[in-house]
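In: predicted model follows, preceded by the sequence.
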Amino acid sequence: MNKCEPLAIAYLGPPGTYSEQAASFYLNWLKSNQEIEATLSPYPTIAKSLQAIATEQADIAVVPVENSIEGSVSMTMDSLWQLESLRIKLALVLPINHALISCADSLDNIETVYSHPQALAQCQGWLAKFLPNANLIARNSTTEALEGLPQAPETAAISSQRAAQLYNLPILASAINDYPENCTRFWLVAKESTENNGFNPTHTSLAFSVPANVPGALVKALEVFAHLGINLSRIESRPTKRSLGEYLFFLDIEAAVTSPLMVSALAELNSCTEVLKIFGSYSVLTVNSESKKF
Ligand SMILES: O=C(O)C(=O)C[C@]1(C(=O)O)C=C[C@@H](O)C=C1
């Protein structure tokens, strides 16, 4: 990265997404705390925002990883496993408050609802109650369908209040997520060689495959942490994509990678896993509604 050029932050676009909110928060933080200038670059998918880091088109990608209602964002986990030399530098937890945006006069006139699959799932109870006959159509992001809404008043999109303002579109219903305390955790991912941002790491994320699909293979790996008294905050499996029933295991761990306990744990883990990838050691910041500056 050329030091004179602003930092390029990749995010899932088009503008107005929750990923852009998280990216803007980080951009403001960089400016006020480190006097670093940055620009935001939208990408059409989460995978492409991460690929932009691997190919050095951008410096940092802000990607969703887990939602409190719907769970993991599989595209983020799969891409991190597939792309080499990426590191998580920070985690941001953002409140998510969905609205139904539409040019229709009332809910009765809505036939189709577009959104990101995570957002459709986070509002499934509300949709079943108020729009039981609508076609639910997945889009790459919560904002992808917004530009088309004025030409099709029988359609709606689930997105944020901020997106409605940005695209100058009416909100037909607000606070429609099924649980009010909805929040999503984002990871800020950069190249392995990028300098650290000054936060003291408190968490480590990694993934591994086990040598053979035999009884106790996963227990053996997890016991390493139990014996050393290290707490895990998430465990998730994803298919290896090689054959049905074969999995990769993703762990979030409440310890910094350099702590003496983790150094011992990783040495032991190495001997009971097939492939072990460390995605990074980082700190977690929670963004409350008041601290979002745009
Ligand atoms: O589509 C967006 O607005 C996104 O930033 C993606 C995303 C996600 O993938 O989880 C981010 C936060 C919300 O949970 C809904 C959608």
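Out: Received the coordinates, thanks.

In: interface residues of the protein facing the ligand?
Out: Contact residues, the chain versus the ligand (C-beta under 6 Å from any ligand atom): 12, 17-19, 64, 67, 73, 96, 116, 118-119, 141-142, 184. (Each C-beta comes from the backbone N, C-alpha and C, glycine too.)

In: kindly recompute the last result at 8 Å.
Out: 11-12, 16-22, 46, 64, 67, 70, 73, 75-76, 94, 96, 98, 115-119, 122, 139-144, 159-160, 163, 182, 184, 186 (C-beta under 8 Å from any ligand atom).

In: ok, now which ones touch the residue nearest to the spatial centre of the chain?
Out: The chain has Pro64 as the residue nearest its centroid, 0.9 Å off, counting by C-alpha atoms, centre = their mean. By C-beta atoms under 8 Å, 6 or more residues apart in numbering, the contact set of Pro64 is 12, 18-19, 22, 46, 73, 76, 118, 184-186.

In: could you rerun that using 6 Å?
Out: 73, 184, 186 (C-beta atoms under 6 Å, 6 or more residues apart in numbering).

In: just the helices in this protein please.
Out: Ranges of helices in the chain, per DSSP state H, are 18-34, 46-54, 74-82, 117-122, 124-130, 161-166, 217-228, 260-272.

In: run the chain-centre distance for the fourth one.
Out: Centroid separation for helix 117-122 versus its chain: 13 Å, with C-alpha atoms, centre = their mean, to the nearest Å.

In: could I get it in PDB with only the CA atoms?
Out: Written as PDB, here are the backbone C-alpha positions of helix 117-122 (Å, rounded to 0.1, in the frame of the first residue of the first chain):
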ATOM      1  CA  PRO A 117     -31.200 -14.000   2.500                       C
ATOM      2  CA  GLN A 118     -30.000 -13.100   6.100                       C
ATOM      3  CA  ALA A 119     -32.400 -10.200   6.300                       C
ATOM      4  CA  LEU A 120     -35.300 -12.200   4.900                       C
ATOM      5  CA  ALA A 121     -34.600 -14.900   7.500                       C
ATOM      6  CA  GLN A 122     -34.300 -12.300  10.300                       C
END
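
In: what does that helix rub up against?
Out: With contact meaning C-beta under 6 Å, 6+ apart, helix 117-122 is reached by 67, 69-70, 98, 136, 138, 142, 158, 177, 182.

In: what's the closest non-adjacent residue to Asp178?
Out: Gly125 (4.1 Å; C-beta to C-beta, 6 or more residues apart in numbering).

In: next, count neighbours for the one you found.
Out: Gly125 has 13 neighbours, counted by other C-beta atoms under 10 Å.

In: show me the contacts for Ser63.
Out: One correction, residue 63 is Val, not Ser. Applying C-beta under 6 Å, 6+ apart, the residues near Val63 are 46, 49, 76, 187.

In: would you enumerate the residues in contact with the first one?
Out: Residues in contact with Ile46 (C-beta under 6 Å, 6+ apart) are 12, 63, 75-76.

In: burial count for the nearest residue to it once chain neighbours are set aside?
Out: Distances taken as C-beta to C-beta, 6+ apart place Met75 nearest to Ile46, at 4.5 Å, with adjacent residues excluded. When neighbours are counted by other C-beta under 10 Å, Met75 registers 20.

In: what do you get for Gly13?
Out: 22.

In: my guess is it contacts Ser41, does it?
Out: No. Gly13 lies out of contact with Ser41 (C-beta atoms under 6 Å); the separation is 8.1 Å.

In: tell me the pLDDT at the residue lying closest to Val189 once chain neighbours are set aside?
Out: The shortest distance from Val189 to any non-neighbouring residue, by C-beta to C-beta, 6+ apart, is to Ala61 (4.8 Å). You'll see Ala61 listed with a pLDDT of 98.

In: where's Ala61 relative to Ala47, distance?
Out: 10 Å (C-beta to C-beta, to the nearest Å).
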